[in-house]
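A.B. asks: Please find the sequence and the predicted model below.
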Amino acid sequence: MKKINQLVTSIVSKLPNRNNFIFWILVALFFKSMFFGYKAWLEPNRFANTHYVNMLPAEATDTYSYFGPMENYKNNGSYYTPEHEDYRMPGYGIVYLILRMVLSIRATVTTIVFLQLLLSALSVYVLAQIAYMVFKRESIFVLTFFLYAVSTFVSLYDIALLTESFTASAFIFSVYYLLKSDKDPKYLLLSGFFLTWSTFMRPVMSLVFFIFVLYVVVKNAKSIAEVFSKAVKPLLLLIIPFILIDGAWMYRNYQHYHRIIPLTKTRFYTSTETTYLSHLNWFIQAFGGSVAGWEPDADIQFFYQRKDFKIKKDVELPAYVYTSKFNRDSLIQLRTMIQSIRTDSLDSIKKRALDVTLMRTLDRYTKSIQTEKPFLYYFYARWRFFKTFLIHSGTRNLFYKGSSELNKPELFVKVFYTLLYILVMIGGFAGSFILLFRGLKNANFFLIGSIGLYFAFVTPIIVRMDQIRYFVPGYPFFVIALVYLLVVIADRVRSRSAV
């Protein structure tokens, strides 16, 4: 351990000063571009895009729900598409719209992924600066920088037309300016703006405002009596961007729906919310099952039985989910009905009647789990969400083929990144809890510790969502927590060896 400490110290001393931002951003861009370049031009067997055919970015199932309404707004003045309506908040779509004003569709989506790459590289440097601002150690700056630069858990989304890359970058910028507000409270406006932008891309980010508000209060008010005299103005600076931007969004929604809608009007797509699909989701989530239809081992595949996955898996639901109202045979009958309604063989009247039958049946099954198996419904289901959300390899989409199909270099890369993910998860949890405990006396420690834990626990346990990509904004702060833990351990070893 002593030799490792000496090696790290030697390396840190030879690197350029952390304020040499051109050097550090170019290094970050180098690491990010290697993975981006592989995904864009070298990876074989990439999935074909549906809407953006033969274009460089990787399209996902959700992509058109962000860009379709904006394309319609540009052409017809209405933020709407028949399939997705206006389900998405326009945080991602506004970037598309601005670029589409002057560029073709191909140039627009290509520019977006290159902007994601640039902001992602910049966020590596900014994250390392956050670590230095909190801990005041060059070694922590360097370790955070390189650990996050080489990580693919977030970089995976730089090439994809999804919100994750921009959301992670915007959130890092938001935390950076929140910490900088110690020197000038006006930075709170920038912090609030970037958190608002991330919220308009990923609505669950809105709850992070509570962490930021608590941080601002603790930093500015030394007692409860000082909250109104010293914390109100900084709080207003923080939330003004959200009030103004979300206020405009709420006004627009009220004009259309005559009700107050601060974020999204439904939990799922409207086409899902008004059919059996939402009831199927609630049923599966009642026992902690996964509804990620793009994952071959998700519980929902028991009903869908998709045949287009490269990895073939026969999904079976656990026996403990059955109640007096349903068993495996019941669910097989339900599956037959679902497969029937998903075809074009039924006319609209029969399809609607079957849809109603499915909704009522699924609701009855869900209610039976809640009443007959409350421990499963209220507790164990959340543990299942947590496991699916965080306990995995961290490399599911690293390559578009199964592990058995990888050559030796690819398998080595996959194993390396799996081990890195496991290290970040274990060290991130431990470091975050230590920071949270020490945050009782240090608001900056509290901020970093609480952010990672918020995404680790709130998303699967409170929001009841297990999609892996929802942890993307929290991952960078687990990296900081891991580095902090490693440095604390190294300091302990050094102090003992000096005795």
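C.D. replies: Nice, I can see it. Numbers count the residues shown, from 1 in each chain.
A.B. asks: how about the helices in the stretch 51-200 of the chain?
C.D. replies: Using DSSP state H, counting those that start in this stretch, the helices of the stretch 51-200 of the chain run over residues 63-76, 93-100, 105-135, 138-150, 164-180, 187-201.
A.B. asks: er, the stretch 301-450 of the chain actually
C.D. replies: Taking DSSP H, counting those that start in this stretch, the helices of the stretch 301-450 of the chain run over residues 301-304, 328-341, 348-372, 374-375, 381-390, 408-438, 443-457.
A.B. asks: need those in JSON lines with mean neighbour count and mean pLDDT, can you?
C.D. replies: Quick note: C-beta positions are derived from backbone N, CA and C, even for glycine. As requested, those are exported to JSON lines (neighbours: other C-beta atoms under 10 Å; pLDDT from 0 to 100):
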{"stretch": "helix 301-304", "mean neighbour count": "19", "mean pLDDT": "87"}
{"stretch": "helix 328-341", "mean neighbour count": "15", "mean pLDDT": "90"}
{"stretch": "helix 348-372", "mean neighbour count": "15", "mean pLDDT": "92"}
{"stretch": "helix 374-375", "mean neighbour count": "10", "mean pLDDT": "96"}
{"stretch": "helix 381-390", "mean neighbour count": "19", "mean pLDDT": "93"}
{"stretch": "helix 408-438", "mean neighbour count": "17", "mean pLDDT": "94"}
{"stretch": "helix 443-457", "mean neighbour count": "22", "mean pLDDT": "95"}
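A.B. asks: can you list the ones you listed in JSON lines and add distance to residue 102?
C.D. replies: What follows is those, written out as JSON lines (distance: least, C-beta to C-beta, whole Å):
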{"stretch": "helix 301-304", "distance to residue 102": "41"}
{"stretch": "helix 328-341", "distance to residue 102": "44"}
{"stretch": "helix 348-372", "distance to residue 102": "42"}
{"stretch": "helix 374-375", "distance to residue 102": "57"}
{"stretch": "helix 381-390", "distance to residue 102": "40"}
{"stretch": "helix 408-438", "distance to residue 102": "38"}
{"stretch": "helix 443-457", "distance to residue 102": "36"}
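A.B. asks: Who's the closest spatial neighbour of residue 39, skipping the chain neighbours?
C.D. replies: Spatial nearest neighbour of residue 39, chain neighbours left out: residue 159 (4.4 Å); criterion: C-beta to C-beta, 6 or more residues apart in numbering.
A.B. asks: Could you count how many residues lie near the one you found?
C.D. replies: Residues near residue 159, counting by other C-beta atoms under 10 Å, number 23.
A.B. asks: Tell me if I'm right that it and residue 55 touch.
C.D. replies: No. Using C-beta atoms under 8 Å, residue 159 is not in contact with residue 55; the gap is 11.2 Å.
A.B. asks: helices and strands around the helix or strand that contains residue 37, which ones?
C.D. replies: Using DSSP states H and E, residue 37 sits within helix 21-37. Helices and strands touching helix 21-37, by 3 or more C-beta pairs under 8 Å, 6 or more residues apart in numbering; DSSP states H and E, are helix 105-135, helix 138-150.
A.B. asks: Same list, those helices, but as TSV with mean pLDDT please.
C.D. replies: What follows is those, written out as TSV (pLDDT from 0 to 100):
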stretch	mean pLDDT
helix 105-135	97
helix 138-150	95
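A.B. asks: how about these, which one is nearest residue 283?
C.D. replies: Nearest of those to residue 283, taken as C-beta to C-beta: helix 105-135 at 35.8 Å.
A.B. asks: wait, residue 61 sits on residue 294?
C.D. replies: Yes. Look at residue 61 against residue 294 with C-beta under 8 Å: they come within range, at 6.3 Å.
A.B. asks: more neighbours, these two?
C.D. replies: residue 294 (13 against 10).
A.B. asks: Three-state assignment for the more buried one, please.
C.D. replies: Secondary structure, DSSP: H, G, I helix; E, B strand; the rest coil: residue 294 is coil.
A.B. asks: So it versus residue 201, what's the distance?
C.D. replies: Distance of residue 294 to residue 201, given as C-beta to C-beta, to the nearest Å: 19 Å.
A.B. asks: Over to residue 172?
C.D. replies: Using C-beta to C-beta, we find residue 172 at a distance of 14 Å from residue 201.
A.B. asks: now do residue 234
C.D. replies: 25 Å.
A.B. asks: Same check on residue 362?
C.D. replies: Taking C-beta to C-beta, one finds residue 362 at 31 Å from residue 201.
A.B. asks: do the same with residue 248
C.D. replies: For residue 248 relative to residue 201 (C-beta to C-beta), the value is 16 Å.
A.B. asks: and if you look at residue 236?
C.D. replies: Noted for residue 236: a distance of 24 Å to residue 201, by C-beta to C-beta.
A.B. asks: what about those two, which has more around it?
C.D. replies: Legend: neighbour count by other C-beta under 10 Å for residue 236 and residue 201, higher for residue 201 (27 against 14).
A.B. asks: how about residue 444, what does it touch?
C.D. replies: Residues near residue 444 by C-beta atoms under 8 Å, 6 or more residues apart in numbering: 133-134, 179.
A.B. asks: Mind putting the residues you listed into CSV with neighbour count?
C.D. replies: Output for the contacts of residue 444, formatted as CSV (neighbours: other C-beta atoms under 10 Å):
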residue, neighbour count
133, 16
134, 20
179, 21
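A.B. asks: Of those, just say which sits nearest to residue 216.
C.D. replies: residue 179 (11.2 Å).
A.B. asks: Look up the closest residue to the closest one, ignoring the ones flanking it.
C.D. replies: residue 133 (4.9 Å).
A.B. asks: does that neighbour really touch residue 177, like I thought?
C.D. replies: No. Using C-beta under 8 Å, residue 133 makes no contact with residue 177, being 10.9 Å away.
A.B. asks: care to break this protein down by domain?
C.D. replies: Domain ranges of the chain: 2-265+393-498, 270-385, per automatic domain parsing.
A.B. asks: Quickly compare those and say which is most buried.
C.D. replies: Here the criterion is mean neighbour count by mean count of other C-beta atoms under 10 Å, and of those the winner is domain 2-265+393-498, at a mean of 18.
A.B. asks: Distance from that one to the middle of the chain?
C.D. replies: 8 Å (C-alpha atoms, centre = their mean, to the nearest Å).
A.B. asks: Give me the helix or strand of the chain that scores worst on average pLDDT.
C.D. replies: Counting by mean pLDDT, DSSP states H and E, the weakest-scoring helix or strand in the chain turns out to be helix 2-14, with a mean of 62.
A.B. asks: Residue 64: what's it in contact with?
C.D. replies: Residue 64 touches 50-51, 81, 83-84, counting by C-beta under 8 Å, 6+ apart.
A.B. asks: How much space separates it from residue 163?
C.D. replies: Relative to residue 163, and taking C-beta to C-beta, residue 64 is found at 13 Å.
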